[in-house]
Each structure stands twice: as C-alpha cells, then as structure tokens.
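Trainee: show me how the following folds:
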Amino acid sequence: MLSKSFWREGSMQSTCDRSLPEDMWSVVIPGDRRALWSERVVLCLSLLYLCVHTLPQAWRTLNTDFPNYYMAARLAHEGYDTSRMYEWSWIEREKDHRAVDIRVIGLLPITPFSTLAVWPLTGLAPLTAKHIWILLTLAFLIPIGRMLRAMTSLSYQQIALSLSLSFPLYRNLLFGQFYVLVLLLIVAACWSYLRGFRVLAGALVGIAAACKIFPALLLIFFLQRREWRGLVSGIVAVLAGVAMSVAVFGWNVHRTWLFQILPWTLHGEGLQPYTTSASISGVLHCLFLPEPQWNPHPWHPSPVCYALLLPAMQMLFLAPAILLISREDHTQSRILLEWSVLLTAALAVSTIPASYNFVLMVLPACVLASILLQRKRYGWLAALEIAYLGIGFPMPSPHRPVGLALLLYVPRLPLMLGALCGIYALLWRDPQARATAPDWTRYAWVTVMVAAVIVSTRSTLYLERAEREEYAYRLPLQAQGFLNSSPQSTGTGVRYSAFTLTGYHLVTQEQSGVWFDPPDEAPFDDLSFTSGSGHIWVERASSPRSQIVDLQEPSRVVIDDGGEPMVSTDGKDLAFLRSDHGRGRLMVRRAFQANAASEVALTAPGLNVYEASYISEKEYAFSAVAGGLPPEIYLTDAGHANSPIGLGETRYPAISPDGKWMAYSHLDHGVWNLWVRDQGTGATRRIADVPCNQIQPWWEGDSRTLLYDTDCGRSVWFTAVARRRAIP
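Mentor: Sure thing, here's the model as predicted:
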C-alpha cells in the first residue's frame, strides 16, 4: 500500500494529484489471510509453470514471430534492398540462405519501424538473439510493475499475480513477440501523463503507434482533453519513427505497406480472416462470407449482412470510448479509466487480434481491480478475474466450425466486449463527469462517426461483392496451401507453388492424382520453377544460396546461385535471376544443357529486376526498379536496349507463346489488376477491374488464355489459382 508522502516525493505537483480526495491512497485491501495465502500459492504455481514449461520451450526454439522482426532488421543491417520484404517467397528465400531454423516466415502486417527494435541483435545468431530478447522482455516487466503499483495502489504481489496469470505473456515469451515492449510504452505514457509530463506521454504513445498502429487511438485522449503539447509530440514521434524507418528500409517498402497492406488489414483481411479469433471481422467473415477453400459453408452467405454489421458494430463499441472522455475531470481514477477504455476498445475492434496482443489487458485489469477494491465491489471483482483469465486463455477450436456453432469457440470476444462495457458503465456513472456542461465537440464526433459508418458500409459492400465475382474463374485445386502461386499448365493439369506450414512445395495436379516436391521433411524450399521438353527445372532455396536443379536429376546443379528459372521457347537457353544484396539481375545460360554453357547478363547492375518473361535472347520483358522509383516494365530488342514502355507502376510481365501479346499487372488504388498489351501496336486493355490482386499471369499454349494468382475473398497475397480467357 502506498502512502500519500510517496507521491509528494520528487516534486510531483500535477493537477491530477491536487484534485485527489484525501482517502484515494488509503484503499484497504481485504486482509483475509486465507485470501493472501491463496494469492501466494497461485503466484508460485504460475511462476513455476513459467520457469519449468514456458521459458525452456521459448529458449530452445525460434518458433514464430521473432524471426520475422529479426530477418527484416538483419537484411537492412547487411545493406540489402528490402523493398520486397513483404513478399512471402522473397523473404522466405532470404531466410533459407541464412539457415534460420524455422520453416516459414512472413512480415505481414508488421510495420517496418517495429523491426528496428531488434536491430542491435542482428549481429548474433537468430536463437542467441531471441535469448537476449526474452531476457529483455522479462526485464521490461520490472518497470511495468513499479509504474502499475504507483498508479493503482495494488500491492506488488497482486501486480505480479496479474502478470503471471496473463497467458498472452507466455505467448509473447514463446514467440519472441513485441507486445510487452508496447505495454511498457503505454504504461510509461500513462504514468508520465499523471506526473505532469505531457510531452513525454505523447511521445511515448507516438512511438507505440509507429510500432503497432492501434495505440494511435490513445492520441484521441490528448485531443479530447485539449492537451495540445501531448498531441503534437505524439504526432511528431510518429513522423520521426516513420522518417527513421524510411531512412533504413527505403521508401518503396513503405509505399507497399501503406497502400497495399494497411487497407487490407483495416478491413480484416491482412491475414487469414476466416478464423475463430477475438475479432468482430473474423466472426462476421465466418458467418456471412463464402470462400471456396477457407469457408465454403458460411451460416448465411450474405455480403450485405457483413457490410451492414461490421462498420456498425465496430463503431458501436468504439464510439463511447471517445465520447466519454471528460475534459474537466482531472482525478487520477478518471484518467486511468479513460486510458484503459481506449486501450480495451482498440483491442476489441482490432481486425487481427492474436492471443499475444492481450498482454496489454494487464493495464485495464489492474486499474479496474484497484477501483473495485476501493469501492468494495467484490462480486464485480470476481467477474473481472474470470473475464481476465478467459480473455487470455488459449481456447481450442475445431478446424472449421459450422454455422452459429463457431460462437461457442470465441469466448474471448464476448469477454472483451463485456469488460469494455463494464468500463463504460464506470465512466458513465461517475457523478462528477455527468455534472459537467455539455460539450459541442461530442456532436461533431457523432456526426463524423455516423458519416464514417455510412461510407465504410458502402465501400465494404462494393469490395465484398466485387471480390466474389472473381470466384467464377477459380480452379478447384485438390491440394492447396495458404498461398498458391505461379501456375503453369501441364497440358492435362496444372502445376504451381504452394506455401504450407511445412514450407514451399511444387505441386502438380493431373487427372490421375497430385504430386508434391519436396517432401515435408526436406531442408529446402521449392520457390519457383519452369518446364519444357519433358523436364522441370526448380529453384531450391537453402543455405548459402538458391540453386536451380532438374527434377529428373536433382543431384545435378544446373545453375548455382540463381532463382526464378525461365526456359526459352526453343529449349536451348535458361534465363534466371541472380540476386546481389536483394537486387535482382536478369541472366541467361546459353546452351545450358551443354558442357560448354556460358552465362550472359541481360540487364545493367543499376536495375533491380523483380520478375521477367523470357522467350529468347532477342525477346523478353522484365519489371524492375531504377533509382528507388516504383517498378515498371521494360522491353528489350536485338540490341538489349531495355527501355521502359511507359505503362505506369506495373509488374509481372508474361509474353504469349506467339509473341503477339503481353499480360501484366498494373497497380491501381492499391491493388494489382490484369491488363494485356498488343505487342504490335502497343495498345493496352484492362482484363478485369476488381478490388483485389491478380498477379503472376502465365499464358497457355493457345496464347489466349491466362492462368494467374488471385487473392479475392482471401487475405492480401494469400493467393488461389484462376484461369481466364484474355483474348476473344
């Protein structure tokens, strides 16, 4: 228990302290010795579980998600061009080259800035770096506990109990996640505000927002309370973080994140959306939105219901957190409740909440427990304890729950919403807040919120309806991964690359069956391939570099240090990409099956080639970046002029077998859609206009039909395979 003299030390003279009632810090916590010893027993058991189970498991394995942060920071530290680091196969290739002991890796939807936290550890081996990160995470708990003690008057034992009973904390340690650091920033910001350090509080919130976006909601607290210095410092901190990140990673990767990843994340499709998670959007996806592979039998297929419910429900639970902020009430309990409600609301309406996110509920739980103990509301305190445990507890769920039964497997969401409504009740019943004069800004907020719901409903309805129009072109693959890409026709079937939890595999689907390469236990990934004359050449990514091999003779290396193979139409030459610090260069191995084969570079070192389409040494196209500009498509001729053809921001060229057409993807409003170009006249025509990505086109033998990747109705770049007639 804290004495009042503790808060007077250090010249702590903020308005919050002066307005506190005399008995604020004389909270009497029940002295029942049985309750005290029960707390000690539970604390000892939870610490024993942490030391015996969680820490040893976290210590000996990389798991996910620490390698994601580590790889991004390490690539930047080594001077790599990281403009493509959000592409699944690109980052997987770099992971394989460094023998990072984890099967799959991906950065979606992590912000580039957040990866800089592990920058100092990138000189160490990945597992050693994780060991240091685990120790730092445990160290972060010490200042978190001290600040919570100072703000809530709970005992150290009670705060330690709230931390040790946070199952999301164990997940953070196991996965090497980032959210304990975010919790430290938010708790420190709240503590700084209460001590009168408004600028520091805003800056800490800004840093947290640059890391994980949703803490930006806390800036509304400064706006509503007219704390302009705190608000400005928060905005400046965000901008400074972005500027630092751009200086390290370059602008192109931030353009990708801002315009291609963030919009998908906001509407709930940044990662697999059909999951029984604590997400309003996830539950509504499962109930109302069909998807042939991930959600073939929703309870009631209706994009209209989804579009009406999602924005309305999100705003319904978020709006009171903003409207109940009181500018006049400076009591500490009120301020703590307002911070808690904004943080809880941000988690409740988040579109991709993972279990480890909810370690942030430690702050609201401690604040509520302190207030309920002060008011002797022990029944509500018991309910809070049950909700807190339920929110963090890892609940098992079936692979694909059917209909309304899925609601039985998402207790975290109703518990989160229940906790949120409980904080709203405490704020609403505060007599001092209800006695304040009406504030006209609340009416402005309501107007903005209603307009936002209307606009969001219309855009969501258009998005979901348009995405499902693409289903008519989807191929019913017998074996699919989370991502199925780069499809090619075999004549009687289809061949593609599939990303699964065991890595990347080459999948061949014929009428007689399905074949995978490599087997699940293989120490490498099949990331790209090409075929011709009865042969299949595949890129196998492993340490220290990728190699192209012939599947008929997998022990013979055709190309050492190369990927993305492309065989010429006459079958004599093999074009490929060779990477130098993340910058691709188009190469060709002439007469590659002969002993006297020679290699020639087809592009200049100044171009960073992303992908290419190769017919012959006199006819090829590629997409590339020059001087940090957006990618665009280049065409060559007999003199290897390699000139851009002025199609705007374009990628994924594919020249038809007869040489008359080139399919490609053009970026428009943050998505890549298919276009086709007449190679004779230069005329272009859009093939489809959908609010999702169509990439990696490949022409069938008739030079009229395209196979391609599409993520419509799925999550960003988690593509399925589609076929469409492009030329009438």
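Trainee: pLDDT below threshold where in this protein?
Mentor: Low-confidence regions of the chain, defined by pLDDT under 70, span residues 1-32, 396-402, 431-438, 637-640.
Trainee: go again using 50 as the cut-off
Mentor: By pLDDT under 50, the low-scoring segments of the chain are 1-31.
Trainee: run through the neighbouring helices and strands of the longest strand anywhere in it.
Mentor: With secondary structure taken from DSSP state E, the chain has its longest strand at strand 607-616. Strand 607-616 sits against strand 563-567, strand 574-580, strand 583-590, strand 619-626, strand 650-655, with contacts defined as 3 or more CB pairs under 8 Å, 6 or more residues apart in numbering; DSSP states H and E. (C-beta placed from N, C-alpha, C; glycine too.)
Trainee: roughly how far is that strand from the heart of the chain?
Mentor: Centre-to-centre, strand 607-616 and its host chain are 29 Å apart (CA atoms, centre = their mean, to the nearest Å).
Trainee: and if you look at stretch 672-681?
Mentor: Using CA atoms, centre = their mean, the mean C-alpha position of stretch 672-681 is found 32 Å from that of the whole chain.
Trainee: with stretch 667-677 instead?
Mentor: When distances are taken as CA atoms, centre = their mean, stretch 667-677 is centred 23 Å away from the chain's centroid.
Trainee: show me what counts as buried in it.
Mentor: For stretch 667-677, the neighbour count (16 or more other CB atoms under 10 Å) marks 667, 670-677 as buried.
Trainee: what is the nearest of those to G196?
Mentor: Closest approach between the buried residues of stretch 667-677 and G196, by CB to CB: G670, at 42.5 Å.
Trainee: which residues touch that closest one?
Mentor: With contact taken as CB atoms under 8 Å, 6 or more residues apart in numbering, G670 is in contact with 259-260, 263.
Trainee: please list only the buried members of those residues.
Mentor: Members of the contacts of G670 classed as buried by 16+ other CB under 10 Å are 260, 263.
Trainee: pipe the contacts of G670 into CSV and attach distance to V494 and secondary structure per row.
Mentor: Conversion of the contacts of G670 to CSV gives the following (distance: CB to CB, whole Å; DSSP: H, G, I helix; E, B strand; the rest coil):
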residue, distance to V494, secondary structure
F259, 31, helix
Q260, 27, helix
P263, 30, helix
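Trainee: just put the contacts of G670 in CSV and tack on distance to Y49.
Mentor: As requested, the contacts of G670 are arranged in CSV below (distance: CB to CB, whole Å):
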residue, distance to Y49
F259, 44
Q260, 41
P263, 41
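Trainee: now, among the contacts of G670, which is nearest to P476?
Mentor: Proximity of those to P476 was ranked by CB to CB; the top entry is Q260 with 27.8 Å.
Trainee: can you tell me the element the residue of the chain most remote from its centre falls in?
Mentor: Distance from the C-alpha centroid of the chain, by CA atoms, centre = their mean, peaks at A596 (47.3 Å). Applying DSSP states H and E as the criterion places A596 outside every helix and strand.
Trainee: quick check on it: phi, psi?
Mentor: The phi and psi values for A596, taken as degrees, to the nearest 10, are phi -100, psi 30.
Trainee: distance check, it against R589.
Mentor: Distance of A596 to R589, given as CB to CB, to the nearest Å: 11 Å.
Trainee: ok, L138 next?
Mentor: If you measure L138 against R589 using CB to CB, the figure is 52 Å.
Trainee: before we move on, what about L169?
Mentor: Taking CB to CB as the criterion, L169 is separated from R589 by 53 Å.
Trainee: out of those two, which sits in the more crowded spot?
Mentor: L169 (27 against 21; other CB atoms under 10 Å).
Trainee: what are the buried residues along the host helix or strand of that one?
Mentor: Mapping L169 onto the secondary structure by DSSP H and E places it in helix 167-175. Buried residues in helix 167-175, counted by 16+ other CB under 10 Å: 167-175.
Trainee: element containing the residue nearest the centre of the chain, please.
Mentor: For the chain, the residue whose C-alpha lies nearest the mean C-alpha position (CA atoms, centre = their mean) is P109; its distance is 1.9 Å. Take DSSP H and E as the rule and P109 turns out to sit in neither a helix nor a strand.
Trainee: confirm for me that it is in contact with L271.
Mentor: Yes - under the criterion of CB atoms under 8 Å, P109 lies in contact with L271, with a separation of 6.9 Å.
Trainee: residues shared between the contacts of those two?
Mentor: Shared contacts of P109 and L271, counting by CB under 8 Å, 6+ apart, come down to I352.
Trainee: other residues contacting stretch 500-520?
Mentor: 89, 92, 103-104, 477-479, 481-482, 484, 490, 492-498, 521-522, 524-527, 529, 536, 538, 540-541, 551.
Trainee: those in strands, which ones?
Mentor: In strands, judged by DSSP E, the following of those are found: 484, 494-498, 525-527, 529, 536, 538, 540-541.
Trainee: quick check: the two most widely separated of the residues you listed?
Mentor: Among those, the pair separated by the greatest distance (CB to CB) is V494 and A541, which sit 22.3 Å apart.
Trainee: what about S46, distance to L161?
Mentor: Look at S46 and L161: by CB to CB, they are 7 Å apart.
Trainee: ok, now R375?
Mentor: 20 Å.
Trainee: those two: which is more packed in?
Mentor: When neighbours are counted by other CB under 10 Å, R375 and L161 differ, and L161 comes out ahead with 20 against 12.
Trainee: grab the nearest non-local neighbour of the more buried one.
Mentor: Counting by CB to CB, 6 or more residues apart in numbering, L161 lies nearest to L43, which is 4.9 Å off, once chain neighbours are set aside.
Trainee: what secondary structure does that neighbour sit in?
Mentor: Remark: L43 carries the secondary structure label helix [criterion: DSSP: H, G, I helix; E, B strand; the rest coil].
Trainee: check contacts around it.
Mentor: 157, 160-161, 164.
Trainee: what about the longest helix in the protein?
Mentor: Ranked by residue count, the top helix of the chain under DSSP state H comes out as helix 440-469.
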